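Asker: A predicted structure for the sequence below; I have some questions about it.
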Amino acid sequence: MSISVCDTFSRCISGLDLADLVVNADLLQLSCDAIEDLHAETNPHQQLSSTLSVRHKLVQQSNCTIIAFATSPLCTKDHILQGGDLVSSSTLKEQKFPLFDFLRSNGNPSFSILRVAINLFKDYFPELSQLKDQIHDSTTEELLVNSRLIVTGHSLGGTVASLFTLWLLDNIKKTAGRNQLPFCITFGSPLIGDQGLQRAISEHSQWNSCFLHVAAFKDLSPRILITSQPNPQYKPFGTYFFCSELGCNCVDDPEVVSRLLKSTITPVSAEEMGIDDYSGTVKHLKSGLIMKDNSQLGQPVTPSLRPGMILQLKAIGFEITAQQQQNNSINDLISELERHENQMAQQMKAIDLNEKLNMVKIRMAYLEWYKKDCKAKGAGYYDSYKNLSCKRDREVTKHKKVLSDYWKKLVEDFERKPQKEGAFMRETWLFAGTNYRRMVEPLDIAEYYRQTGKRDYLTHGRSRHYILLEQWQKEQTEKLAGPPNDKKKQSVAGILTEDSCFWMKVEEALISCKLLRDETSSTSEKQSAREFLNTFEQYVMDQINNYAVSPEIFLEKSSFTKWWKDFQGIIETSHNSPLTDFMKKGSYLQYKRGQF
């Protein structure tokens, strides 16, 4: 048996090829066998009960560990329809069962779960807690199994398997590799949630690929909730393995899955298929008795995918004649599959995250070079970019835009993540994000104040992604705050100014000096300017004492040096402060050497 098939659901290969890979592995058959064994062990009296209950079985195989879930009595469409409404996350919280609250986030504040599924889960929760403790170490946040964990179930047993898998995923450390995550396989299970649940799962980088839902062509159960309502709210997640006596196909696009679930069933053909039916289909597929038109399989993606899409529909039971291909509904479905396959092809060509990060490093390296070059010319990179005096300065704009677009998207993605995973990802990327903010935001400030009359960058000009990066960085380093150590002093010559809004304060200080010199300024304007300058003096001295500003601010052509000259012209001779004392004594020379 090959467990590597579990990893393939995150890769972009064609639906037919992926389906063949699933069939060639033993995962489906082993899962079916475990569920059938569980049914065989069920007390006959339990099958006569009018109340649904859940049972589970843990099976150790040579290359995997299987947890199978089943209901007693066997689930029917009536059980699904009677509990077919949705329970919202807020209702679950009111019921003191906020177990799945980890799925909520700022971008996705609510979700809903199938009532019959969550009720079964709640009723069986004590046993599920014991099972979790048996296979999961809460201290190390790792699974206590030596092989890949498969969680499986049929019909409503599959809904419990899905919810149990979600619970496990939230409790496994975020650095776990794909092989260390549970893999859920359901057979003939109804949809268990709305778009909020679908979105919450897809926002986790690996979770969506941990679910494989097997849906037979004639089985009513996977489709009943979206075919029995005029405007169904139920949405699929994970990968769907559609199968029939003619073949099989895999689809992971939720919109295409929904269309296929609605389109591949009719009242006449509808059946309620048991796990034995699924087991028979899987064996039939495995035996190689199915006739396929292999001439089109494995072909590269071409501009016209229509023949391949027709083949995929035929593989799961559609009988499509030339006349039927003219039908608008069939045409739309073929177009949906074609769009999905094209999307997968584009994803295969996309640059992965590491390549994007390398691109970011190259752009940042260019800005580092630019910063050093400007320093050598006596102006500093902030003032050079603000003045745009040469082609080199204008070239920076392109690099800045690429970096800003990248980090805005990344911060937006982090913010959408549920709290726990978002926090982990922020910590992982925070060092790079902080360097980016300290290097690039001064350039945005330079652009802002380059425009005559602009004021108050914090309110009117600052991008939200800078605010969040700074907030996350402060949360991370708050408890580590302390006086500057020798290492920080020794390396001050090469640092980036820690406060990425330092130059905004310098610009506002320059404007305040101008207001004080201007005879037309009102009394209140002059009073406000004096108060700002007093605050600014203290702020700059605090930054100097903490070795938190780059010595480049003292360069001859810098805006800070210009401010200092302006400030000297408006203060009284008797004015004394730690900053004026620092500047007049030339202590900034010692500061540059880390000896202040």
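Answerer: Everything's here; your move.
Asker: so where do the strands sit in this protein?
Answerer: The residue ranges that make up the strands of the chain, judged by DSSP state E, are 53-60, 64-72, 86-88, 112-114, 136-137, 142-143, 148-154, 183-187, 211-216, 239-244, 247-251.
Asker: give the pairing partners of the third one; include direction for each.
Answerer: The one in question is strand 86-88. Strand 86-88 has the following sheet partners, assigned by DSSP bridges: strand 112-114 (antiparallel).
Asker: next, the buried residues of the strand it pairs with.
Answerer: Across strand 112-114, burial judged by 16 or more other CB atoms under 10 Å covers 112, 113, 114. Just so you know, the C-beta spots here come from the backbone N, C-alpha and C atoms, and that holds for glycine as well.
Asker: can I get these in TSV including pLDDT and distance to residue 171?
Answerer: Compiled in TSV, the buried residues of strand 112-114 are given as follows (pLDDT from 0 to 100; distance: CB to CB, whole Å):
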residue	pLDDT	distance to residue 171
112	97	22
113	98	18
114	96	22
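Asker: tell me the buried residues in stretch 105-124?
Answerer: Applying 16+ other CB under 10 Å to stretch 105-124 flags 105, 108, 111, 112, 113, 114, 116, 117, 118, 120, 121, 124 as buried.
Asker: give me the domain ranges for this protein.
Answerer: In the assignment given by automatic domain parsing, the structural domains of the chain cover 14-290, 302-350, 351-481, 482-596.
Asker: just these: most buried one?
Answerer: Sort the domains of the chain by mean neighbour count, taking mean count of other CB atoms under 10 Å, and domain 14-290 sits at the top with a mean of 19.
Asker: chain center to it, what's the gap?
Answerer: With CA atoms, centre = their mean, to the nearest Å as the basis, domain 14-290 stands 22 Å off its chain's centre.
Asker: likewise stretch 552-566?
Answerer: Computed by CA atoms, centre = their mean, the chain-centroid distance of stretch 552-566 equals 43 Å.
Asker: can you give me the end-to-end span of that stretch?
Answerer: For stretch 552-566, the separation between the terminal residues is 18 Å (CA to CA, to the nearest Å).
Asker: who touches that stretch?
Answerer: Residues external to stretch 552-566 that are found in contact with it (CB atoms under 8 Å, 6 or more residues apart in numbering): 371, 375, 378-383, 386, 497, 502-503, 506-507, 509-510, 513-514, 517, 583, 588, 591-592.
Asker: now swap in stretch 522-529 and tell me
Answerer: The contact list for stretch 522-529 (CB under 8 Å, 6+ apart) reads 511, 512, 513, 515, 516, 521.
Asker: gap between residue 394 and residue 384?
Answerer: For residue 394, the distance to residue 384 under the criterion CB to CB, to the nearest Å works out to 11 Å.
Asker: what score does residue 494 have for pLDDT?
Answerer: Each residue has a pLDDT score; the one for residue 494 is 85.
Asker: picking up where we left off before, mean pLDDT lowest for which of the strands of the chain?
Answerer: In terms of average pLDDT, strand 247-251 trails the rest of the strands of the chain, at a mean of 81.
Asker: what are the pairing partners of it, and which direction each?
Answerer: Paired strands of strand 247-251, with direction, are strand 239-244 (antiparallel) (DSSP bridges).
Asker: picking up where we left off before, can you add distance to residue 262 and pLDDT and give the contacts of stretch 522-529 back as JSON lines?
Answerer: Putting these into JSON lines (distance: CB to CB, whole Å; pLDDT from 0 to 100) gives the following:
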{"residue": "511", "distance to residue 262": "63", "pLDDT": "96"}
{"residue": "512", "distance to residue 262": "66", "pLDDT": "96"}
{"residue": "513", "distance to residue 262": "70", "pLDDT": "96"}
{"residue": "515", "distance to residue 262": "68", "pLDDT": "95"}
{"residue": "516", "distance to residue 262": "72", "pLDDT": "94"}
{"residue": "521", "distance to residue 262": "70", "pLDDT": "93"}
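Asker: tell me which of these is nearest to residue 151?
Answerer: residue 511 (63.1 Å; CB to CB).
Asker: excluding chain neighbours, what is closest to the closest one?
Answerer: Distances taken as CB to CB, 6 or more residues apart in numbering place residue 455 nearest to residue 511, at 6.5 Å, with adjacent residues excluded.
Asker: flag the shaky bits of the protein, pLDDT-wise.
Answerer: By pLDDT under 70, the weakly predicted segments of the chain are 1-21, 23-25, 45-50, 264-270, 288-355, 418-428, 478-485.
Asker: now do the contacts for the closest residue to residue 135 other than its chain neighbours.
Answerer: In space, residue 135 comes closest to residue 144 once its chain neighbours are excluded; the distance is 5.4 Å by CB to CB, 6+ apart. Contacts here follow CB under 8 Å, 6+ apart; on that basis residue 144 touches 134, 135, 136, 137.
Asker: so which of these is the closest to residue 101?
Answerer: Checking these against residue 101 by CB to CB gives residue 136 as the nearest, at 18.8 Å.
Asker: for residue 79, see how far away the residue nearest to residue 403 when sequence neighbours are not counted is.
Answerer: Residue nearest to residue 403 in three dimensions, not counting chain neighbours: residue 363, with 5.1 Å by CB to CB, 6+ apart. When CB to CB is the yardstick, residue 363 and residue 79 sit 57 Å from each other.
Asker: do residue 68 as well
Answerer: Note on residue 68: its distance to residue 79, by CB to CB, is 19 Å.
Asker: so who does the residue nearest to the spatial centre of the chain touch?
Answerer: In the chain, the C-alpha nearest the mean C-alpha coordinate belongs to residue 203, at 4.2 Å (CA atoms, centre = their mean). Each residue near residue 203 by CB under 8 Å, 6+ apart is listed here: 105, 107, 108, 416, 417, 418.
Asker: just the residues you listed: which are in helices?
Answerer: Residues of those located in helices (DSSP state H): residue 416.
Asker: could you dump the contacts of residue 203 into TSV and include distance to residue 409?
Answerer: Formatted as TSV, the entries for the contacts of residue 203 read as follows, by distance: CB to CB, whole Å:
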residue	distance to residue 409
105	17
107	14
108	17
416	11
417	13
418	18
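Asker: going by distance to residue 210, which of the contacts of residue 203 wins?
Answerer: Out of the contacts of residue 203, the one with the shortest distance to residue 210 is residue 418. That distance is 15.2 Å, counting by CB to CB.
Asker: quick check: closest non-adjacent residue to residue 410.
Answerer: Counting by CB to CB, 6+ apart, residue 429 is the residue found nearest to residue 410 once chain neighbours are left out, at 6.8 Å.
Asker: swap that for residue 28, sorry
Answerer: Distances taken as CB to CB, 6+ apart put residue 282 closest to residue 28, at 4.7 Å, once the chain neighbours are dropped.
Asker: quick one: contacts for the one you found?
Answerer: With CB under 8 Å, 6+ apart as the criterion, the residues that contact residue 282 are 23, 28, 29, 32, 243.
Asker: repeat that for residue 124.
Answerer: Residues near residue 124 by CB under 8 Å, 6+ apart: 53, 54, 160.
Asker: contact partners for residue 232?
Answerer: Taking CB under 8 Å, 6+ apart, we find residue 232 in contact with 225, 226.
Asker: right, and residue 457 touches residue 449 too?
Answerer: Yes - using CB atoms under 8 Å, residue 457 is in contact with residue 449, at 7.2 Å.
Asker: shared neighbours, the two?
Answerer: The overlap between the contact sets of residue 457 and residue 449 (CB under 8 Å, 6+ apart) consists of 504, 507.
Asker: so where do the helices sit in the stretch 201-350 of the chain?
Answerer: Secondary structure of the stretch 201-350 of the chain by DSSP state H, counting those that start in this stretch: the helices cover 224-227, 254-263, 275-287, 306-315, 328-349.
Asker: is residue 262 in contact with residue 224, as I believe?
Answerer: No - look at residue 262 against residue 224 with CB under 8 Å: they stay out of range, at 11.3 Å.
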